[in-house]
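Visitor: after the sequence you'll find the predicted model.
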Amino acid sequence: MELPLDFATLRLIWWGLLGVLLIAFALTDGFDLGVGALLPFVAKTDEERRMVINTVGATWEGNQVWFILGGGAIFAAWPFVYAVSFSGFYLAMFLVLSALILRPVSFKYRSKRPSKTWRTFWDWGLFVSGFVPALVFGVAVGNVLLGAPFRLDADLRSFYEGHLLGLFTPFSLIAGLLSVAMLVLHGAAWLSVKAEKGPVLDRARLYGTIAGVLALVLFAVGGLFVAFGDIGFRITGALDPNGFSNPLRTTVEAAPGAWLDNYSRYPWMIIAPVLGFVGALAGLIGMWRRSAPLAFGGSSLSGVGIISTVGLSMFPFILPSSINPQSSLTVWNASSSHLTLFIMLIVTAIFLPLVLIYTAWVYRVLWGRSSTAALKTNPNLY
């Protein structure tokens with residue numbers, strides 16, 4: 001059966017859709033994680049902490065949809081990537097999922113007892129469930145740029161030869177700390193939109209400013225590592241974007257500095273890192289000027305720019321192999337079949353707009369600042 005879109009085009013579309021889903025997760029659930037990481041520091045009294053929790057209380061569950069959609073897209077569109085990453089990074093994924101499971105428990109149990117010790121314990125549970133995923137996601141991205149220690153045999157069975165502590169290298173830790181700084185800035189910007197004016201908002205602006213400065217510095221340092229460190233991979237053999245999916249048919253070599261190749265090949269891609277820097281700077285200015293729209297808009301643009309920089313720098317790689325570059329997974333050699341991608345695209349074209357419409361409606365209905373006064377009159381608040 002001849003399909004209206006060729007295989008290469010469908011692969012490119014799904015690579016773009018995967019990026020959109022990851023960015024949507026970072027921008028929505030990202031500020032939830034940032035607020036959780038900030039909670040013990042920006043709010044001192046029980047009322048303040050309850051108010052901060054309720055800035056995300058109505059939407060955090062819905063925001064996790066983007067995480068599920070991202071994982072589902074990897075499973076369905078890039079089965080090789082799913083098989084290698086979810087099995088190879090199993091302990092890291094277990095750490096993230098444990099933290100994410102702690103989050104709803106902390107939300108639901110925190111106010112069940114009036115004990116200060118009890119509530120403080122769950123407040124730190126919310127901190128852990130915000131900080132740990134932000135750090136591990138960033139470390140994972142750093143390891144993707146470095147290459148994962150896996151290989152494929154002749155039967156395309158994957159063998160992962162790394163361990164959990166091996167994921168924490170100097171570069172991956174820089175990436176992890178950048179992720180934390182980016183999401184803490186985003187969380188502080190969200191509080192500038194949703195929290196009532198007062199000491200909580202002042203503290204959020206202070207910590208958001210620190211996070212914004214760190215995001216700028218760490219993004220620049222990470223760029224220097226990529227430019228001058230022993231990081232990068234390059235396809236050296238013939239390339240067939242319409243060929244069948246078999247990672248072993250691609251000739252790849254480790255090539256320090258190769259992650260910068262795309263910027264000379266496609267100059268327009270420089271927009272991504274520029275957005276990363278300009279967005280973080282705009283977020284900082286928004287914090288200083290007490291402008292909630294500028295702070296949140298800037299932190300959002302920074303997130304888009306930083307995540308896009310990784311994807312565009314690596315294209316067409318999705319998951320390179322550090323121990324056997326020939327096993328590296330790319331947009332062109334690791335996808336599902338032509339027909340599968342086409343059917344999934346039709347399903348996505350139907351349901352993704354519905355998710356977007358529903359999400360926009362929820363935010364519109366629940367818009368407005370959280371306040372300590374509402375805690376006394378609204379029994380549905382955390």
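Guide: Received the coordinates, thanks.
Visitor: put the alpha carbons of stretch 286-297 into PDB.
Guide: Presented in PDB, the C-alpha positions along stretch 286-297 are these (Å, rounded to 0.1, in the frame of the first residue of the first chain):
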ATOM      1  CA  GLY A 286      11.100  39.600  35.100                       C
ATOM      2  CA  MET A 287      12.200  38.600  38.600                       C
ATOM      3  CA  TRP A 288      14.000  41.800  39.200                       C
ATOM      4  CA  ARG A 289      11.200  44.000  37.800                       C
ATOM      5  CA  ARG A 290       8.500  42.000  39.500                       C
ATOM      6  CA  SER A 291       6.800  41.200  36.200                       C
ATOM      7  CA  ALA A 292       5.100  37.800  36.300                       C
ATOM      8  CA  PRO A 293       4.400  37.600  32.600                       C
ATOM      9  CA  LEU A 294       8.100  38.400  31.700                       C
ATOM     10  CA  ALA A 295       9.400  36.000  34.300                       C
ATOM     11  CA  PHE A 296       7.200  33.100  33.300                       C
ATOM     12  CA  GLY A 297       7.500  33.800  29.600                       C
END
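Visitor: could I get the buried residue list for that stretch?
Guide: 286-287, 292, 294-297 (16 or more other C-beta atoms under 10 Å). Every C-beta, even on glycine, is put in place using the N, C-alpha and C of the backbone.
Visitor: all helices for this protein, in order.
Guide: 7-42, 46-56, 60-63, 65-77, 79-88, 90-109, 116-146, 170-194, 199-228, 261-265, 271-288, 292-314, 338-365, 374-377 (DSSP state H).
Visitor: quick one: closest of those to Asp153.
Guide: helix 79-88 (12.6 Å; C-beta to C-beta).
Visitor: still on that earlier bit, deepest-packed of the helices of the chain, please.
Guide: Among the helices of the chain, ranked by average contacts under mean count of other C-beta atoms under 10 Å, first place goes to helix 170-194 (a mean of 26).
Visitor: how about the contacts made by Leu216?
Guide: 277, 280-281, 284 (C-beta atoms under 8 Å, 6 or more residues apart in numbering).
Visitor: now flag whichever of those is closest to Ala175.
Guide: Ala280 (15.3 Å).
Visitor: and the pLDDT at the closest residue to the closest one other than its chain neighbours?
Guide: Using C-beta to C-beta, 6 or more residues apart in numbering and skipping residues adjacent in sequence, the residue nearest Ala280 is Ser302, 4.2 Å away. At Ser302, the model reports a pLDDT of 96.
Visitor: and Met93, by the same measure?
Guide: 85.
Visitor: and for Met1?
Guide: So Met1 comes in at 59 (pLDDT).
Visitor: and the one 10 residues further on, by the same measure?
Guide: According to the per-residue confidence, Arg11 scores 94 in pLDDT.
Visitor: my guess is it meets Pro241, correct?
Guide: Yes - applying C-beta atoms under 8 Å as the test, Arg11 and Pro241 come out as touching, 6.8 Å apart.
Visitor: so what sits against both of these two?
Guide: With C-beta under 8 Å, 6+ apart, Arg11 and Pro241 have common neighbours 331-332.
Visitor: if we can go back for a sec, of all the helices of the chain, which one comes closest to Arg249?
Guide: Using C-beta to C-beta, the helices of the chain put helix 79-88 closest to Arg249, at 12.4 Å.
Visitor: quick revisit: I'd like the helices of the chain written out as JSON lines, with distance to Asp155 added.
Guide: Listed next are the helices of the chain as JSON lines, based on distance: least, C-beta to C-beta, whole Å:
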{"stretch": "helix 7-42", "distance to Asp155": "23"}
{"stretch": "helix 46-56", "distance to Asp155": "46"}
{"stretch": "helix 60-63", "distance to Asp155": "40"}
{"stretch": "helix 65-77", "distance to Asp155": "21"}
{"stretch": "helix 79-88", "distance to Asp155": "13"}
{"stretch": "helix 90-109", "distance to Asp155": "21"}
{"stretch": "helix 116-146", "distance to Asp155": "25"}
{"stretch": "helix 170-194", "distance to Asp155": "30"}
{"stretch": "helix 199-228", "distance to Asp155": "34"}
{"stretch": "helix 261-265", "distance to Asp155": "32"}
{"stretch": "helix 271-288", "distance to Asp155": "38"}
{"stretch": "helix 292-314", "distance to Asp155": "27"}
{"stretch": "helix 338-365", "distance to Asp155": "21"}
{"stretch": "helix 374-377", "distance to Asp155": "60"}
